[in-house]
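Asks: sharing a model prediction with you, sequence too.
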Amino acid sequence: MARYVASRLASLVVSLLVASVVVFVALQVVPGDPAAYMLGMSASPEKVAALRGELGLDAGAVERYLGWVAGMAHGDFGVSYAYRTPVAEMILDRLQVSLPLTLLALALSTLIAFPVGLWAAARRGRLVDHGIMGATQLGVAVPNFWFAMLLVLVFSIQLRWFSAGGFPGWGGGVLPALKALALPAIALALPQASILARVMRSALIDTLGEDFIRTARAKGLTRFQALWRHGVRNALIPVLTIIGLQFSFLLAGAIIIENVFFLPGVGRLVFQAISQRDLVVVQSVVMILVFAVILVTFLVDVAYALVDPRLRRR
């Protein structure tokens, strides 16, 4: 197991280095002069030269890249051009919204998808199965921003159970903060739950023809009992893959939902930074999101080995 984890860690480090090169080239080399891009076409040469010196753009590309990577390794992501605030502080502040929102949405998605997928697989071909598959197909097809606006219309405007947007902060108490994240989490979770439920059902149905399921059925277990006791563990590998991908998608792809609910999260920060041409923030946030995706992939690989010990010997 230790050798397997070490090989996965080495792959993580290589992936991070490759991703950092791609991000740096895309944002600091391909556009030409980053300072001229950030200030716009109407900026005077004096202002462009001043910003170039402020950001250290007078150095060569290799020197700038090595300095950027070394700074990130020490937690220094530079200073935002638009806000004049350390980028690390901005990201940490926004992660206090985005990370709980992502975890809450992922928890809701998993809690919904597991029993629904198991129930559909146990009732394969019956009316319940067809109804669940139709509902999950609808959940996949409906855009989450449209569903978010529908939730606001029903629960905020008509019923007045939740606020239409904003975030009170964790200093005001856990319950008010979670209440502010409830509707955004539901809007993010239901489409992902539909995808995960369909994958769970397909993976469980694949196990129905296995010998150990037939043996369990021969011993008197119902289809549901055999799937629950013996099938779920063997169906976890594709399910874990989807959960890992969903975490990455929810953390990096919640820009629209955070804007619908006016949440000060990472997604909204990226949207504002792109609008203001703040390449320092965009570059740092993109790298943080890439790191999150690669880290989740590493954790999923370790989970594979825990679920299926055969993978450790490969």
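Replies: Received, thanks.
Asks: any idea of the pLDDT on Ala185?
Replies: On the pLDDT scale, Ala185 is placed at 91.
Asks: right, and it touches Leu104 too?
Replies: Yes. Using CB atoms under 8 Å, Ala185 is in contact with Leu104, at 4.2 Å. For glycine as for every other residue, the C-beta is placed from the backbone atoms N, C-alpha and C.
Asks: which of those two has more residues huddled nearby?
Replies: Neighbours per residue, other CB atoms under 10 Å: of Ala185 and Leu104, the larger number sits with Ala185, 24 against 19.
Asks: following the chain onward from the strand or helix carrying the more buried one, which element is next?
Replies: Under the criterion of DSSP states H and E, Ala185 resides in helix 174-207. Following helix 174-207 in sequence order, the next helix or strand is helix 211-218 (DSSP H and E).
Asks: contacts for that following helix next, please.
Replies: 207, 223, 225-227, 229-231 (CB atoms under 8 Å, 6 or more residues apart in numbering).
Asks: buried subset of these as a PyMOL selection?
Replies: To isolate the buried members of the contacts of helix 211-218 in PyMOL, using 16 or more other CB atoms under 10 Å:
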select buried, resi 207+223+226+227+230+231
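Asks: quick check: the two most widely separated of the contacts of helix 211-218?
Replies: Greatest spatial distance in the contacts of helix 211-218: Thr207 and Gln225, 13.4 Å, computed using CB to CB.
Asks: show me what contacts Ser284?
Replies: Contact analysis of Ser284 by CB under 8 Å, 6+ apart lists 72, 77-78, 87-88, 91.
Asks: I meant to write Val286 there.
Replies: Taking CB under 8 Å, 6+ apart as the contact definition, Val286 lies against 23, 27, 270.
Asks: out of these, which sit inside strands?
Replies: Secondary structure from DSSP state E places none of these in strands.
Asks: in JSON lines, list these along with pLDDT, neighbour count and distance to Phe145.
Replies: Listed next are the contacts of Val286 as JSON lines, based on pLDDT from 0 to 100; neighbours: other CB atoms under 10 Å; distance: CB to CB, whole Å:
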{"residue": "Val23", "pLDDT": "87", "neighbour count": "19", "distance to Phe145": "27"}
{"residue": "Leu27", "pLDDT": "78", "neighbour count": "17", "distance to Phe145": "27"}
{"residue": "Val270", "pLDDT": "84", "neighbour count": "20", "distance to Phe145": "16"}
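Asks: and of those residues, the nearest to Pro34?
Replies: Of all the contacts of Val286, Pro34 sits closest to Leu27, with 7.2 Å by CB to CB.
Asks: hang on, isn't that closest one packed against Val282?
Replies: Yes. Contact criterion CB under 8 Å: Leu27 and Val282 qualify, at 6.6 Å.
Asks: can you give me the neighbour number for Leu178?
Replies: Neighbours of Leu178 using other CB under 10 Å come to 14.
Asks: and if you look at the one 10 residues further on?
Replies: Other residues within reach of Leu188, judged by other CB under 10 Å, total 29.
Asks: same check, this time on Tyr83
Replies: Tyr83 has 17 neighbours, counted by other CB under 10 Å.
Asks: wait, a helix at it?
Replies: No. Looking at Tyr83 with DSSP: H, G, I helix; E, B strand; the rest coil, it is coil, so not inside a helix.
Asks: didn't it look like it was pressed against Asp93?
Replies: No. If you go by CB under 8 Å, Tyr83 and Asp93 don't touch, sitting 11.0 Å apart.
Asks: quick one: what helix or strand has Ala135 in it?
Replies: Going by DSSP H and E, Ala135 is in helix 127-141.
Asks: report pLDDT for Val30.
Replies: Note on Val30: pLDDT of 69.
Asks: also Val296?
Replies: Each residue has a pLDDT score; the one for Val296 is 81.
Asks: quick one: what helix or strand has it in it?
Replies: helix 279-307.
Asks: can you pull the buried residues of that helix?
Replies: Of all the residues in helix 279-307, those buried under the rule 16+ other CB under 10 Å are 279-298, 300-305, 307.
Asks: show me where pLDDT drops low in the stretch 1-150 of the chain?
Replies: 1, 4, 30-32, 37, 41 (pLDDT under 70).
Asks: quick one, strands of it?
Replies: Read by DSSP state E, counting those that start in this stretch, the stretch 1-150 of the chain holds no strands at all.
Asks: tell me the helices and strands packed up against the lengthiest helix in the chain.
Replies: Identified as the longest helix of the chain according to DSSP state H is helix 87-122. Packing partners of helix 87-122 (3 or more CB pairs under 8 Å, 6 or more residues apart in numbering; DSSP states H and E): helix 127-141, helix 174-207, helix 223-226, helix 236-252, helix 255-260, helix 266-275, helix 279-307.
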